[in-house]
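>>> structure for this input, please:
(one chain, ligands or ions: 1)
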Amino acid sequence: MRKRILTGERPTGSLHLGNYVGTLANRVKLQDQYETFLLVADYHMLTTRLENLVEIRDNIRSVVLDNLSVGVDPEKVTFFLQSAVPEIPQLHLYFSMLVSVPRVERIPTLKDQLRDHDLAEPTYGLLGYPILQAADILSVKGNLVPVGRDQESHVELTREIARRFNQLFGEVLPVPEAFIPEVKLLPGTDGKAKMGKSLGNAISLAEDPASLKAKVMGMYTDPSRIRPTDPGTVEGNPVFMYHDTFNGNTDEVNDLKERYRAGKVGDVEVKRKLLAALEAFLEPVRERRAKYAALPGYVDEIIAEGSKRARAEAAKTLHDVRAAMRLDYLGL
Ligand code: TRP
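Numbering: from 1, shown residues only. The predicted model follows:
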């Protein structure tokens, strides 16, 4: 039997180049090798957002379209909606008995969420975020979890939960592994370490040519460089980090770096060439997105079908879990 991938994202809006580098590229690469389940984590979204929920429908479609646009193959993977699989919150409840409160309080993303959303204290639901994620992963007995580095601590907790469960009740759950890209985090266009939609420094996968151009030409570079004849710094310069990631023409990139260090090229030329590389990457992405978006009801249909499939798998897992715990009284 092929090993399984389970990964996904919250339906919080359109995905960007950082998401591509962080996780989407890996799922495209691995989709032939693994049986892949891709989750739209709408419950996770509720942990930090309770207003304008009517927008979620569009965001669910948009997240699926983003995946399709970069080459995730709907014939190969199973997309599903977390809230359409009630076995997941049931598993979450069982798993929540296996984790101490201080353990989840120490998970670093909690502080990040509190800060990013300007919250004084977590709700009970937000505290349980990583346990819910463990339920996602284990609901389909996922073996591999392609995620960005920021999610590593959640996969680590999932491993602990699986081990603890197996130790208490017998070998039922796989101990999954995180699959994290080697490459560095893609910085924001403003030079901040992380690209984030809410940070206003992201290039979306659906970015149109005009706004792509504006964002690239306005990118943060070496701030100490005033004139094109000043020697510039390549290391840690976001424009060059983007070149390294998206410009396949390494001769061109090396030539630009050399001239940049020597003060023999202007920022405008470096950015124009980056713009061309990003256009070459995004043009087919936009086309694929438009193709799928034009098929009426298509995305809704793959979500509905996929959710049925995922639910059948999660029901099997829940059955195994309850039987191992001796909770299947009267077979109920
Ligand atoms: N927490 C993940 C994120 O913010 C999204 C997510 C929810 C997820 N459930 C998951 C990722 C299960 C991998 C596996 O990006």
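>>> packing partners of the helix or strand bottoming out on mean pLDDT in the chain?
Across the helices and strands of the chain, mean confidence by mean pLDDT, DSSP states H and E is lowest for helix 108-116: a mean of 95. Where contact means 3 or more C-beta pairs under 8 Å, 6 or more residues apart in numbering; DSSP states H and E, helix 108-116 is packed against helix 124-127, helix 129-139, helix 152-169. To be clear about C-beta, it is placed using only N, CA and C from the backbone, and glycine gets the same treatment.
>>> mind giving me TSV with the ones you listed and columns for mean pLDDT and mean neighbour count?
Formatted as TSV, the helices and strands packed on helix 108-116 follow (pLDDT from 0 to 100; neighbours: other C-beta atoms under 10 Å):
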stretch	mean pLDDT	mean neighbour count
helix 124-127	98	15
helix 129-139	98	26
helix 152-169	98	18
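>>> those residues of the stretch 51-200 of the chain touching the ligand, which are they?
With C-beta under 6 Å from any ligand atom as the criterion, the stretch 51-200 of the chain comes near the ligand at residues Gln133, Asp136, Ile137, Val145, Val147, Gln151.
>>> which residues does the third one contact?
Okay, so that is Ile137. Leu6, Val145, Val155, Thr158, Pro176 (C-beta atoms under 8 Å, 6 or more residues apart in numbering).
>>> show me what contacts Lys194?
Gly18, Leu185, Pro187, Gly188.
>>> please apply the same query to Asp42.
Contacts of Asp42 by C-beta under 8 Å, 6+ apart are Arg10, Pro11, Ile56, Ile60, Leu81, Gln82, Ser83.
>>> which among those gets closest to the ligand?
Top of the list for closeness to the ligand, among the contacts of Asp42 and by C-beta to the nearest ligand atom, is Arg10 at 5.5 Å.
>>> in whichever strand or helix holds Pro102, which residues are buried?
Of the helices and strands defined by DSSP states H and E, Pro102 is found in helix 101-105. With burial defined by 16 or more other C-beta atoms under 10 Å, the residues of helix 101-105 counted as buried are Val104.
>>> who does that helix touch, helix- and strand-wise?
Judged by 3+ C-beta pairs under 8 Å, 6+ apart, helix 101-105 is in contact with helix 124-127.
>>> chain center to the helix it packs on, what's the gap?
20 Å (C-alpha atoms, centre = their mean, to the nearest Å).
>>> could you do stretch 8-20 as well?
On C-alpha atoms, centre = their mean, the centre of stretch 8-20 falls 6 Å from that of its chain.
>>> mind telling me which residue of the stretch 151-300 of the chain is nearest the ligand?
Checked against the ligand (C-beta to the nearest ligand atom), the nearest residue in the stretch 151-300 of the chain is Gln151, 5.5 Å away.
>>> now the nearest residue to that residue once chain neighbours are set aside: how far from Ala314?
In this structure, Gln151 finds its nearest non-sequential neighbour in Ala178, 7.2 Å apart by C-beta to C-beta, 6 or more residues apart in numbering. Going from Ala178 to Ala314 by C-beta to C-beta, to the nearest Å gives 21 Å.
>>> please enumerate the helices of the stretch 201-332 of the chain.
209-217, 238-246, 250-262, 267-293, 298-324 (DSSP state H, counting those that start in this stretch).
>>> hmm, who's touching the third one?
Surrounding helix 250-262, the residues in contact under the criterion C-beta under 8 Å, 6+ apart are Pro231, Gly232, Thr233, Val234, Phe240, His243, Asp244, Asn247, Val265, Glu269, Val270, Lys273.
>>> hmm, the fifth one is touching Val234, no?
Yes: at 4.9 Å, Phe240 and Val234 qualify as touching, with contact defined as C-beta atoms under 8 Å.
>>> between these two, who's got more neighbours?
Taking neighbours as other C-beta atoms under 10 Å, Phe240 and Val234 compare with Phe240 leading, 22 against 19.
>>> Asp267 against Pro228, yeah?
Yes: contact criterion C-beta under 8 Å: Asp267 and Pro228 qualify, at 7.1 Å.
>>> give me the below-cutoff pLDDT ranges for the chain.
Filtered on pLDDT under 70, the chain yields no residues whatsoever.
>>> ok and the residue in it nearest the ligand?
Closest residue of the chain to the ligand, C-beta to the nearest ligand atom: Ala41 (3.6 Å).
>>> that's all I had, so thanks and see you.
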